[in-house]
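Colleague: One predicted model, sequence on top.
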Amino acid sequence: MPNPTTTRQLLPKALRYALEVANVGSIQGAAKHLSISASAIDRQVLLLEADLGVPLFERSPSGMRLTAAGEVIVVLARRWRADIDRVGLEIKQMQGVDQGRLKLAAMDSHTNGFLPLFVARLGQRYPKIQLEIDIMSTDQATAALIGGELDIAVAFNLRPQRDLHLVWTAGLPLGCIVAPQHALAAQPQVTLKDIAAYPMAVQGRSLTIRRYLESRHAWLFSEGAPPMVTNSLQLVKNLVQSGGHVAITSELDAAPEIVAGTLRFIPVRDRDASPQSVGVAISAMRPLPRIARIAAELLAAEIAECLERVRAHQGRQSSVTPKQV
């Protein structure tokens with residue numbers, strides 16, 4: 001039965017060694033990690049550079065740094081290794097073994113919402129699956145997925161493109177979260193003008209919702225009290241729960257607090273307030289292994305159920321239906 005160590009031998013030796021040097025930053029470190037002599041690694045890297053006609057590393061007493069050409073080769077090696085790992089996984093699954101390794105990118109706001117439930121459900125059904133989850137922004141997740149570093153990404157406002165396939169998506173109305181005792185809490189809908197009348201806690205510029213608000217509604221950041229800015233969604237929610245701030249976000253960001261009754265989500269009714277979206281995506285450049293398809297389906301179902309719980313708690317209709325992968 002194939003294992004990652006066996007299948008990764010399919011990756012050319014020179015690329016394996018160059019990738020390890022890039023990962024650890026030195027030939028000595030790569031040699032220690034791979035249990036291979038430093039001279040053997042150095043020889044393979046030099047041969048690869050000679051074949052390509054360009055240096056892949058800048059060599060200095062402090063270590064090895066990738067050149068521009070080296071960056072290209074490392075991306076190739078990572079994609080190749082990811083494809084080889086998928087081959088090994090597919091062979092296992094042909095033998096009826098639901099095991100392997102999955103890499104998933106999610107966002108910070110998912111960590112105390114649907115993500116733990118998804119991990120538990122996947123673990124119960126497929127206990128031999130090794131799941132690795134990285135918390136990233138939408139931009140980071142998109143780049144990592146296209147670069148072959150991920151199997152699945154779940155993120156806000158993913159955009160379909162040539163190298164990216166959205167397997168499931170759902171709309172998220174733009175809204176405001178407030179404490180139950182806040183003056184806006186009794187309103188069925190609010191406008192952005194209503195929200196701007198109160199101190200706001202806003203997300204940092206690394207998040208797509210902040211960039212959206214700045215591009216479409218820049219006046220929110222220049223009128224009234226200066227907003228409190230942070231890249232921590234948990235801090236945003238804590239400030240809102242205290243009653244001193246309001247925040248513009250999606251109901252999925254605050255799902256656990258909405259269901260618990262410690263926050264209330266109020267939709268924004270402005271005509272020019274575009275909804276957000278949440279999506280599950282894979283790379284369009286390679287086939288999705290069977291177990292990854294299963295995981296994507298479970299993930300989409302968990303998000304849909306989370307949204308249904310939130311909307312049912314608020315007395316709103318939900319028509320979230322995951323599409324099949």
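Modeller: Everything's here; your move. Note that the coordinates shown come from a computational prediction; the quantities given were computed from them, not determined experimentally.
Colleague: Quick one: the helices in the chain, in order.
Modeller: Per DSSP state H, the chain carries helices over the ranges 4-7, 13-24, 27-34, 38-52, 68-94, 114-125, 138-146, 192-196, 208-216, 233-241, 255-260, 290-313.
Colleague: for the record, mean pLDDT for the last one?
Modeller: The pLDDT scores in helix 290-313 average 90.
Colleague: same deal with stretch 65-79?
Modeller: Mean predicted confidence for stretch 65-79 is 92.
Colleague: before we move on, the earlier item: out of the helices of the chain, which is closest to residue 159?
Modeller: For residue 159, the closest of these is helix 138-146, at 8.0 Å, according to Cβ to Cβ. For glycine as for every other residue, the C-beta is placed from the backbone atoms N, C-alpha and C.
Colleague: mind listing what's buried in the closest one?
Modeller: Along helix 138-146, these residues count as buried under the neighbour rule (16 or more other Cβ atoms under 10 Å): 138, 140, 141, 142, 144, 145, 146.
Colleague: pretty sure residue 102 contacts residue 292?
Modeller: Yes. With contacts defined as Cβ atoms under 8 Å, residue 102 counts as touching residue 292 at a distance of 6.0 Å.
Colleague: Which residues are in contact with each of those two?
Modeller: In terms of Cβ atoms under 8 Å, 6 or more residues apart in numbering, residue 102 and residue 292 are both contacted by the residues 151, 152.
Colleague: which residues of this protein score low on pLDDT?
Modeller: Flagging of the chain using pLDDT under 70 yields the residue ranges 1-8, 89-99, 224-225, 288, 316-325.
Colleague: Could you break the chain into its assigned domains?
Modeller: The chain is divided into the following domains under automatic domain parsing: 1-97, 99-172+275-325, 174-274.
Colleague: So the residue lying closest to residue 232 once chain neighbours are set aside versus residue 189, what's the distance?
Modeller: Distance criterion Cβ to Cβ, 6 or more residues apart in numbering; nearest residue to residue 232, sequence neighbours excluded, is residue 108 at 7.8 Å. When Cβ to Cβ, to the nearest Å is applied, the distance between residue 108 and residue 189 equals 27 Å.
Colleague: Please apply the same query to residue 46.
Modeller: Using Cβ to Cβ, we find residue 46 at a distance of 66 Å from residue 189.
Colleague: And residue 61, by the same measure?
Modeller: Applying Cβ to Cβ to residue 61 and residue 189 gives a distance of 63 Å.
Colleague: more neighbours, those two?
Modeller: Summary of the neighbour comparison: residue 61 and residue 189, criterion other Cβ atoms under 10 Å, with residue 189 having more neighbours (13 against 4).
Colleague: Surely that one is in contact with residue 270?
Modeller: No. If you go by Cβ under 8 Å, residue 189 and residue 270 don't touch, sitting 9.4 Å apart.
Colleague: intersection of neighbour lists for these two?
Modeller: When contacts are counted by Cβ under 8 Å, 6+ apart, residue 189 and residue 270 have no shared neighbour.
Colleague: Go through the buried residues of helix 138-146 and say which is closest to residue 18.
Modeller: For those, the residue nearest residue 18 by Cβ to Cβ is residue 144; the value is 19.8 Å.
Colleague: and the nearest residue to that closest one once chain neighbours are set aside, backbone torsions?
Modeller: Spatially, and ignoring its direct neighbours in sequence, residue 144 is nearest to residue 150 (4.8 Å; Cβ to Cβ, 6+ apart). Note on residue 150: backbone dihedrals following degrees, to the nearest 10 are phi -130, psi 160.
Colleague: how long is stretch 176-187 end to end?
Modeller: The straight-line separation of the ends of stretch 176-187 (Cα to Cα, to the nearest Å) is 11 Å.
Colleague: sorry, that was for stretch 201-211
Modeller: Its start and end residues considered, stretch 201-211 measures 15 Å (Cα to Cα).
Colleague: Also stretch 130-148?
Modeller: End-to-end span of stretch 130-148 (Cα to Cα): 18 Å.
Colleague: chain center to it, what's the gap?
Modeller: Per Cα atoms, centre = their mean, to the nearest Å, the displacement of stretch 130-148 from the mean C-alpha position of its chain is 5 Å.
Colleague: Likewise for stretch 192-212?
Modeller: Going by Cα atoms, centre = their mean, the spacing between the C-alpha centre of stretch 192-212 and its chain's C-alpha centre is 21 Å.
Colleague: Would you mark the buried spots in it?
Modeller: Neighbour-count burial for stretch 192-212, with 16+ other Cβ under 10 Å as criterion, is recorded at 192, 194-196, 198, 200-203, 207-210, 212.
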